[in-house]
Each structure stands twice: as structure tokens, then as C-alpha cells.
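Colleague: how would this look folded up:
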Amino acid sequence: MSWILLFFAGLFEVGWAVGLKFTEGFSRPLPTVLTVAAMAASLGLLGLAMRHLPLGTAYAVWTGIGAVGTVIAGIILFGESMAWMRIISVALIVCGLLGLKLSH
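Modeller: Numbers count the residues shown, from 1 in each chain. Coordinates of the predicted model:
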């Protein structure tokens with residue numbers, strides 16, 4: 001169950017990272033409220049997951065999911081670069097996340 005909570009915490013991290021772009025410096029009320037709600041959900045779920053997962057593993061996986069998801073969202077939503085080096089780097093992050101999961 002902790003891994004599922006951690007996965008959703010990572011998804012909410014992607015949500016608030018993308019949401020920051022839409023707040024335009026926190027000048028747009030609705031995106032700002034949604035971004036802050038995603039931040040709270042992300043941290044809350046991370047805290048629950050950490051009840052049963054080691055700190056280093058949980059935090060690394062949380063930030064990894066956020067990083068990978070945000071890169072993917074940037075490509076899809078904002079037309080960001082899909083350069084090979086970028087894709088390879090994201091793949092290496094995914095390998096690291098899998099390694100952490102398998103070593104737990």
C-alpha cells in the first residue's frame with residue numbers, strides 16, 4: 001500500500017509542477033488554488049508512504065516520479081525538446097527508480 005501512496009504522491013508532484021506554469025507567478029487564482037492543493041496532496045501522501053518506507057527510498061522515488069512525469073508533461077503540453085540525451089537521461093532515472101524498488 002505504501003508504494004501505491006508513493007506513486008500517487010509522485011503524480012500529484014507532477015500536477016503541482018505543471019500547475020506552477022499555469023499560475024503565471026501565482027497571479028491566476030484558480031490555477032494557484034489547484035497547484036497548492038496538489039502540493040498538499042503530494043506531501044500528505046508522501047508522509048503516509050514514509051510510515052513504512054525508508055526515508056531515502058521514499059524521497060528519491062517521489063522526486064524521480066516527479067522529475068520523469070514533469071519531463072513527459074513538458075513534452076506533451078509545452079512542446080519541449082525530445083532530444084536523445086534528454087530521453088536517455090529520463091530512462092536512467094527510471095532505471096534508478098526500479099533499482100530502488102527492487103532493492104527494498
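Colleague: Going by C-alpha atoms from here, please, whenever you check contacts or count neighbours.
Modeller: Fine.
Colleague: average pLDDT for the top helix by length along the chain?
Modeller: Identified as the longest helix of the chain according to DSSP state H is helix 55-78. Here helix 55-78 scores 96 as its mean pLDDT.
Colleague: Moving C-terminal from that helix, which element do we reach first?
Modeller: Using DSSP states H and E, the next helix or strand after helix 55-78 towards the C-terminus is helix 84-103.
Colleague: Tell me how far the most centrally placed residue in the chain lies from S81.
Modeller: Nearest to the geometric centre of the chain sits G66, at 1.7 Å (Cα atoms, centre = their mean). From G66 across to S81, the span is 18 Å (Cα to Cα, to the nearest Å).
Colleague: Tell me the pLDDT of the residue nearest to H52 when sequence neighbours are not counted.
Modeller: Counting by Cα to Cα, 6 or more residues apart in numbering, the nearest residue to H52 once its immediate chain neighbours are dropped is S2, at 6.5 Å. You'll see S2 listed with a pLDDT of 95.
Colleague: Please apply the same query to the one 4 residues further on.
Modeller: Reading off the confidence values, L6 has pLDDT 97.
Colleague: Now for F7: which residues touch it?
Modeller: Neighbour list for F7: W62, I65 [criterion: Cα atoms under 8 Å, 6 or more residues apart in numbering].
Colleague: at 6 Å what do you get?
Modeller: Residues counted as contacts of F7 (Cα atoms under 6 Å, 6 or more residues apart in numbering): none.
Colleague: how close does it sit to L98?
Modeller: Taken as Cα to Cα, the span from F7 to L98 is 12 Å.
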